[in-house]
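J.: sequence first, predicted coordinates after that:
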Amino acid sequence: MAASFGQWSYALCLAVSFSLAVILSAVLRWVAPRAGMVDRASLRGKGAAATPLLGGVGAYLAVAVSYLLFADLPAGRQAGLDRRGLWLLVGAGMMVVLGLFDDRIGLRARFRLGVQLLGAAAVAAAGIRFSWFPWAVLNYAVSIVWLVGLMNAINCLDCADGCAAGIGSIGAGAFSLIALAHGNLGAAMMAVALVGGCTGFLAFNFPPASIFLGDAGSTFLGLVLGALAIESSQSASGGFAQLWVAALPAAVPVWDIVVVHFRRYRAGLRSLRGLLESKGQDHLPHRLRETGLRPQEVALTIYFMAALVATPGVVVAYHSSGSLALAIEITALGLIAGERPFGALVARLSHVMGGSLGGEAPISVRSKAAEVGAQSGVSAAMDG
């Protein structure tokens, strides 16, 4: 949708979204325990208070309000998302409500999956869908699978402090640049709003976290990121370029899902149900923690990986015909497999800085996130 105040509208949108996220996170951190919305599985020691779960509500409201304030809805048809932006907010709102109920009372896997599919289908029907194939039904199907899969992939990474929100901020930042490169101002505005919402929330969620996204936040974040990937890829010059642009800013959560389920299959979980319902602590934050990294170093390592693999997507958007983009992509996708080298580099930098990243507090891995894995009915089970 067209920006209301020219190029300054993006900076203003970012500032408003960030400020709202900070304010709402602080308020909801106080409200959540009094509403019973806490994750008791996150207790860090005897007598420790349970951690509030309403951070995702604040992030969503920050994104929605800032986007609607700075998107020129009447001129939307000339600029990008038009009504698609509104439908995306509606679909994301559905995920927030779904997540709130699941955080509070727990929901059956089939019901969760059904609502996720409904929300993704609504977003796809509104026009946010891939156009890779000559058959409309196939474009719809691929788009829905992508959206639902990324919702669950982001939820999987929300198993340690700061990880999901950091991935969201970096991915949305890359998508904003890609969208601007192709003149999709509406997608760029939504992406900027998401950057502000995620970074504002990170002020309370970076290790040690004092509030969590909860399922309400991680699923909404995954849906919006998936939609931005679709929107940002549509103006790419060709099929492979579309794939690069869509996948790379979201590569870390996708990679994590693939690695986890492949390893579980190799370990003997051969049935589909077993793969979907496994609660093992083997996602990327867990694996990095096992190498000896502190919680802050785990988060920073994941940020580093996300930024590195998102860069080729931006390069492709601005130089789609250059061989340099392909070289950077191959290098980045090769490096992403090297979790230990990334972690070792961050740990070394932390040591050089005198250990200023923090002490050896235990990583906040929530069993609630693990329970989600048993409740998700898709291969990208929410089970960190």
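T.: Thanks, I have it.

J.: report the contact partners of Tyr303.
T.: Under the criterion of C-beta atoms under 8 Å, 6 or more residues apart in numbering, the contact partners of Tyr303 comprise Gly166, Ile167, Ile170. Just so you know, the C-beta spots here come from the backbone N, C-alpha and C atoms, and that holds for glycine as well.

J.: and the second one, what element?
T.: Pointing back at Ile167 there. Counting by DSSP states H and E, the element that carries Ile167 is helix 163-181.

J.: elements contacting that helix?
T.: If contacts are counted by 3 or more C-beta pairs under 8 Å, 6 or more residues apart in numbering; DSSP states H and E, helix 163-181 sits against helix 136-157, helix 185-205, helix 214-233, helix 295-318.

J.: need the longest helix for this structure.
T.: Ranked by number of residues, the top helix in the chain under DSSP state H is helix 8-34.

J.: and it, what's buried?
T.: Residues of helix 8-34 classed as buried: 9-10, 12-14, 16-18, 20-22, 24-26, 28-29, 32 (neighbour count, 16 or more other C-beta atoms under 10 Å).

J.: now the element after it, going C-ward?
T.: Stepping forward along the backbone from helix 8-34, the first helix or strand reached (DSSP H and E) is strand 38-39.

J.: which strands or helices does that next one pack on?
T.: Here strand 38-39 is seen to pack against strand 51-52 when contacts are counted using 3+ C-beta pairs under 8 Å, 6+ apart.

J.: name the nearest residue to Ala124, ignoring sequence neighbours.
T.: Ranked by C-beta to C-beta, 6 or more residues apart in numbering and with sequence neighbours excluded, the top spatial neighbour of Ala124 is Ser143, at 4.5 Å.

J.: quick check: pLDDT value at the one you found.
T.: pLDDT, Ser143: 94.

J.: with the one 10 residues further on instead?
T.: Ala153 is assigned a pLDDT of 89 by the prediction.

J.: ok, and the closest non-adjacent residue to it?
T.: Excluding the flanking residues, the one nearest Ala153 by C-beta to C-beta, 6+ apart is Pro253, at 3.8 Å.

J.: list phi and psi for the one you found.
T.: Its backbone dihedrals place Pro253 at phi -60, psi -40, with angles given as degrees, to the nearest 10.

J.: same check, this time on Asp282
T.: The phi and psi values for Asp282, taken as degrees, to the nearest 10, are phi -130, psi 20.

J.: how near is it to Arg294?
T.: Using C-beta to C-beta, to the nearest Å, we find Asp282 at a distance of 19 Å from Arg294.

J.: compare the two and say which is more crowded by neighbours.
T.: Comparing Asp282 with Arg294 by neighbour count (other C-beta atoms under 10 Å), the higher total belongs to Arg294, at 22 against 18.

J.: alright, I will stop here.
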